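[1] build the 3D model from these lines:
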Amino acid sequence: MSELSELLNNNQVTRTVKWEEDGEEKSREIILQEPDARTATQIIGTMSGANNTAYFGEAIGLILDNNVIVNPKLTFSDLNHNLSKEDAKTSVELVNGDGKKVTLYMKFPDYRTAFNILMYAQKTDGSVDITGMLDLLFENVLVDGNQKKLDWDWLDDHNKGYGLTSDVMEEAVKFLSEVLNKDGVFAMLMEGFQLATKQISRVR
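    So this is what the prediction gives:
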């Protein structure tokens with residue numbers, strides 16, 4: 001059955017999503033259900049919040065709660081539960097502004113928060129709220145070797161993160177992106193988001 005026939009019959013459409021994981025190209029077939037107009041506007045509306053902030057985690061929540069992705073069935077609860085201990089945390093070696101080697105430890109918060117943080121780095125007007133981004137990272141991602149939260153003082157400590165502000169943001173975004181990309185989750189959810197966008201504004 002063609003995609004057009006599927007849409008005419010039940011507003012479902014089959015897509016093949018592709019992504020790269022661990023340096024390997026991967027793909028899978030998924031089935032999407034076109035959201036109704038009200039749901040679609042709610043999904044898109046989360047991307048134009050106050051202060052030019054895009055709440056992508058909320059958009060993803062609406063996509064999951066309204067079964068925009070029919071197969072495979074995804075929920076935040078299942079995604080969080082199935083995240084392996086290996087993927088839930090990581091560490092990287094960095095050299096601070098004084099030339100001292102330090103270890104940056106990070107933990108994965110939860111999928112909703114991770115999506116919000118990832119999109120927070122790029123505001124809807126193209127700017128980046130560095131302070132707000134780091135506030136979120138200190139609250140949810142950056143920890144010490146005992147998995148206790150770091151704070152802004154860590155970046156001022158000449159024996160720790162001094163001079164590493166940009167590196168910390170880059171490494172945290174990379175870590176969150178890699179986890180969200182596992183098993184094509186990010187690619188599948190982006191397909192759902194794009195379908196919601198098309199529901200609102202058809203390409204003519």
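
[2] going along the chain, name the helices of the protein.
    3-10, 37-45, 56-65, 76-82, 111-120, 130-140, 153-156, 165-181, 185-200 (DSSP state H).

[3] export these as CSV, with columns for mean neighbour count.
    C-beta here means a position set from N, CA and C on the backbone, and glycine is covered the same way. Output for the helices of the chain, formatted as CSV (neighbours: other Cβ atoms under 10 Å):
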stretch, mean neighbour count
helix 3-10, 11
helix 37-45, 16
helix 56-65, 21
helix 76-82, 14
helix 111-120, 21
helix 130-140, 17
helix 153-156, 15
helix 165-181, 17
helix 185-200, 19
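
[4] nearest to residue 29, out of these?
    helix 185-200 (10.4 Å; Cβ to Cβ).

[5] name the helices or strands packed onto the closest one?
    The helices and strands touching helix 185-200, judged by 3 or more Cβ pairs under 8 Å, 6 or more residues apart in numbering; DSSP states H and E, are strand 12-21, strand 24-33, helix 37-45, helix 56-65, strand 69-71, helix 165-181.

[6] now stretch 98-112: buried residues?
    Buried residues in stretch 98-112, counting neighbours by 16 or more other Cβ atoms under 10 Å, are found at 102, 104, 105, 106, 108, 109, 111, 112.

[7] before we move on, back to that, for residue 187, find the nearest of the helices and strands packed on helix 185-200.
    Nearest of these to residue 187, taken as Cβ to Cβ: strand 12-21 at 4.2 Å.
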